[in-house]
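Asker: Structure for the following, please:
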Amino acid sequence: MATQQHMPYVIGHAPAHTKHHEWRTAANSAPHLLPHLQKLTSNSNPKLLDIGCGPGTISASLAQHLVPSGGHVLATDIADDVLERAKEHAISQGLSVPQNISFQ
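Answerer: So this is what the prediction gives:
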């Protein structure tokens, strides 16, 4: 069985690159998802998976839409330092980690 290697993220996680993405939210970068989130929030405890969350600004924004109905976002990224920044951002937005949003 071949050993799998992680391929580097092509764009990279350089501080300047992740800083550039910190302005992004669900409203300005994923508005097409908002009507679907409204449908999800009609159910209790909706869950959402964000793969490749980067600095977590979109993840946190999505969580803010889900939290009123008991929802949760699981945000993932390959870089631990980027996940730590994402977690710090979520906390700064008033989200409870890991109750409202968690990072892996």
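Asker: what about the strands in the chain?
Answerer: Using DSSP state E, the strands of the chain run over 47-51, 72-76, 101-103.
Asker: For the last one, the averaged confidence score.
Answerer: For strand 101-103, the mean per-residue pLDDT is 97.
Asker: Please name every helix or strand in contact with it.
Answerer: Packing partners of strand 101-103 (3 or more CB pairs under 8 Å, 6 or more residues apart in numbering; DSSP states H and E): helix 57-66, strand 72-76, helix 80-92. All C-beta atoms are positioned from the backbone trio N, CA, C, and that covers glycine.
Asker: Redo these as JSON lines? Include mean neighbour count, mean pLDDT and distance to residue 49.
Answerer: JSON lines is the format used below for the helices and strands packed on strand 101-103 (neighbours: other CB atoms under 10 Å; pLDDT from 0 to 100; distance: least, CB to CB, whole Å):
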{"stretch": "helix 57-66", "mean neighbour count": "24", "mean pLDDT": "94", "distance to residue 49": "10"}
{"stretch": "strand 72-76", "mean neighbour count": "20", "mean pLDDT": "97", "distance to residue 49": "5"}
{"stretch": "helix 80-92", "mean neighbour count": "17", "mean pLDDT": "94", "distance to residue 49": "14"}
